[in-house]
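Asks: Below are the sequence and a predicted model; questions follow.
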Amino acid sequence: MSILLMSQVWKTSPFEGGRLLIELAMADFANDEGVCWPSIPTVAAKARVSEEWVRQVLKEMRELGRLTIESEGGGRHRTNVYRLNPLLENPVLNRGFSS
């Protein structure tokens with residue numbers, strides 16, 4: 001779980017409602033680099049939505065550049081590896097902290 005990533009999703013997500021829950025669920029599964037590999041049923045259960053809705057929202061996230069597929073699972077019982085890109089929406093946050 002990446003608290004940093006979840007915080008960035010809260011600040012930058014263009015989504016509301018169930019879409020936001022799915023993006024937050026993905027961030028909850030991700031490490032600090034944004035990499036995660038949850039199954040569709042696992043994300044659906046966490047966000048309390050249907051598997052079809054998860055597929056639709058992940059597609060929307062990819063179209064907006066907020067999610068990329070690092071590698072495809074390649075079949076049944078093999079999950080994709082995803083990378084979340086929540087900083088793309090807010091270039092000020094993308095600069096990081098200066099010391």
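Replies: Yep, it's here. Please read these numbers as outputs of a predicted model, since none were measured by experiment.
Asks: so who does V9 touch?
Replies: With Cβ atoms under 8 Å, 6 or more residues apart in numbering as the criterion, the residues that contact V9 are L20, E23, L24, A27, L84, P86. Yep, even glycine has a C-beta here, placed from its N, CA and C like the rest.
Asks: Setting aside sequence neighbours, what's the nearest residue to the fifth one?
Replies: The spatial neighbour of L84 that comes closest, neighbours along the chain excluded (Cβ to Cβ, 6 or more residues apart in numbering), is G34 at 4.0 Å.
Asks: If I look at that neighbour, what pLDDT would I see?
Replies: Reading off the confidence values, G34 has pLDDT 91.
Asks: what's the burial count for it?
Replies: By other Cβ atoms under 10 Å, 22 other residues sit near G34.
Asks: Please, where are all the strands along this structure?
Replies: All strands of the chain, identified by DSSP state E, fall at 35-36, 67-71, 81-84.
Asks: Point to the residue nearest the middle of this protein.
Replies: M26 (3.9 Å; Cα atoms, centre = their mean).
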